[in-house]
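> structure for this input, please:
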Amino acid sequence: MKTECQVGRLTIIVTSCDKYADLWKPFSMLFKRYWPDCPYGLKLVTESPAREGDFVFEEVIPCGRIGWGDRLALALEQVKTPYVLLLCDDYLLCDRVENAKMEHFIDLAEKYAVGNLRLIQNPRHSGLFSAEEKLGYYKPKTPYCIATQAGIWNTEFLKRLAKGYDSIWAFERLGSFRDDLNLPILGTQTMEFPFEDAVHKGKWENAGIRLCERNGIAPDSAWRKTLSNIDYVREHLKGAILEANPMLILKIQNGLARLRL
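Reported below is the predicted structural model:
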């Protein structure tokens with residue numbers, strides 16, 4: 001692994017919107033705690049100019065009330081690095097990030113000229129890409145081969161894919177079946193970026209609440225609720241149905257989505 005960071009290769013992009021502005025404070029506090037020596041530019045992409053606060057972002061890019069994908073594509077026009085680390089606002093760091101490890105994965109992204117190098121195996125890989133480097137691959141036109149899980153993206157590839165999608169879910173579900181997925185989509189076999197996906201369907205996950213509490217952060221319970229036991233049962237059932245036949249379920253979802261367009 002390289003130990004010297006080449007900061008001109010990567011920019012960190014955090015996607016958000018006005019409804020999720022309550023997460024900017026816990027995101028910032030945990031980012032400062034677990035990645036205090038981050039050498040890369042950190043930009044927040046959202047709808048409106050940021051409210052006042054002690055946030056970690058060096059730049060906030062307000063793109064107005066346009067679709068999620070168009071906001072991201074517009075923000076990427078301002079990115080000068082060949083790669084971006086794409087994060088969501090509810091990806092809260094839960095352990096130390098090592099710069100040398102990040103540089104190693106940027107090296108791999110360059111080596112294999114990837115469109116996306118996902119830093120977590122979610123969903124399961126289509127197959128093994130490199131046993132030595134512990135990488136799997138995602139076959140194009142398979143469910144969630146395109147996903148917003150924490151990962152390194154080729155900036156131009158992501159900009160092209162993002163345009164036109166109103167939401168993250170449309171980007172993942174419809175984008176996974178595009179004809180122009182012409183760069184490799186790889187993923188690590190283990191979780192290599194230590195984050196907690198703290199919010200689901202607009203509500204706090206219990207694990208996200210516990211992470212905040214361990215770090216002396218009080219989530220704004222007046223802003224968003226916490227998932228109930230019934231919510232967890234419902235989501236578990238949905239996950240089991242999707243796991244049983246992901247291709248069929250996603251085709252049905254995509255067909256319904258296209259009817260609404």
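> wait, residue 176 sits on residue 141?
Yes. Under the criterion of C-beta atoms under 8 Å, residue 176 makes contact with residue 141 at 6.8 Å. Glycine gets a C-beta too; all of them are placed from N, C-alpha and C.
> neighbour-wise, which of these two wins?
residue 176 (20 against 13; other C-beta atoms under 10 Å).
> now for the closest residue in space to residue 89 that isn't next to it in sequence: which residues touch it?
Among residues not flanking residue 89 along the chain, residue 16 sits closest, at 4.0 Å (C-beta to C-beta, 6 or more residues apart in numbering). Neighbouring residues of residue 16 by C-beta atoms under 8 Å, 6 or more residues apart in numbering: 23-24, 44-46, 88-89.
> do that again at 7 Å, thanks
44-46, 89 (C-beta atoms under 7 Å, 6 or more residues apart in numbering).
> what's the answer for residue 50, then?
So residue 50 contacts 44, 60 (C-beta under 7 Å, 6+ apart).
> can you read off the pLDDT for it?
Each residue has a pLDDT score; the one for residue 50 is 74.
> cool, residue 256 as well?
So residue 256 comes in at 55 (pLDDT).
> also residue 219?
So, for residue 219, pLDDT stands at 89.
> and the residue nearest to it when sequence neighbours are not counted, what element?
Among residues not flanking residue 219 along the chain, residue 212 sits closest, at 5.2 Å (C-beta to C-beta, 6+ apart). Assigned by DSSP states H and E, residue 212 falls within helix 206-214.
> again with residue 43
strand 41-46.
> neighbours of the nearest residue to residue 51 once chain neighbours are set aside, how many?
In space, and not counting its chain neighbours, residue 51 is closest to residue 21: 6.3 Å by C-beta to C-beta, 6+ apart. Using other C-beta under 10 Å, residue 21 has 19 neighbouring residues.
> ranges for the strands of the stretch 51-200 of the chain?
For the stretch 51-200 of the chain, the strands defined by DSSP state E, counting those that start in this stretch occupy 59-62, 83-88, 91-93, 116-118, 127-130, 135-137, 151-154, 185-188, 195-197, 199-200.
> mean neighbour count, the ones you listed: which tops it?
strand 116-118 (a mean of 26; mean count of other C-beta atoms under 10 Å).
> and the closest residue to residue 227 other than its chain neighbours, bridged to which residues?
Nearest non-adjacent residue to residue 227, counting by C-beta to C-beta, 6+ apart: residue 203, 4.6 Å away. Beta bridges link residue 203 to residue 200 when assigned by DSSP bridges.
> repeat for residue 12
residue 42, residue 85.
> for it, list the residues it contacts.
40-43, 85, 87 are the contacts of residue 12 under C-beta under 7 Å, 6+ apart.
> kindly recompute the last result at 10 Å.
31, 35, 38, 40-44, 56-58, 81, 84-87, 102 (C-beta atoms under 10 Å, 6 or more residues apart in numbering).
> repeat for residue 42
11-14, 28, 31, 35, 55-59, 85, 87.
> quick one: it and residue 86, what's the gap?
Residue 42 sits at a distance of 12 Å from residue 86 (criterion: C-beta to C-beta, to the nearest Å).
> what touches both of these two?
Joint contacts of residue 42 and residue 86 (C-beta under 10 Å, 6+ apart) are 11-14.
> what segments of this structure are helices?
24-34, 68-76, 99-111, 155-162, 168-175, 206-214, 229-244, 246-260 (DSSP state H).
> please save the CA atoms from the first one in CSV.
By that I understand helix 24-34. Extracted in CSV, the C-alpha atoms of helix 24-34 (Å, rounded to 0.1, in the frame of the first residue of the first chain):
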residue,chain,number,x,y,z
TRP,A,24,-25.3,17.0,8.6
LYS,A,25,-24.3,17.6,12.2
PRO,A,26,-23.9,13.9,13.3
PHE,A,27,-22.2,13.2,9.9
SER,A,28,-19.7,16.0,10.5
MET,A,29,-19.0,15.2,14.2
LEU,A,30,-18.3,11.5,13.4
PHE,A,31,-16.3,12.3,10.3
LYS,A,32,-14.1,14.7,12.3
ARG,A,33,-13.7,12.0,15.0
TYR,A,34,-12.9,9.0,12.8
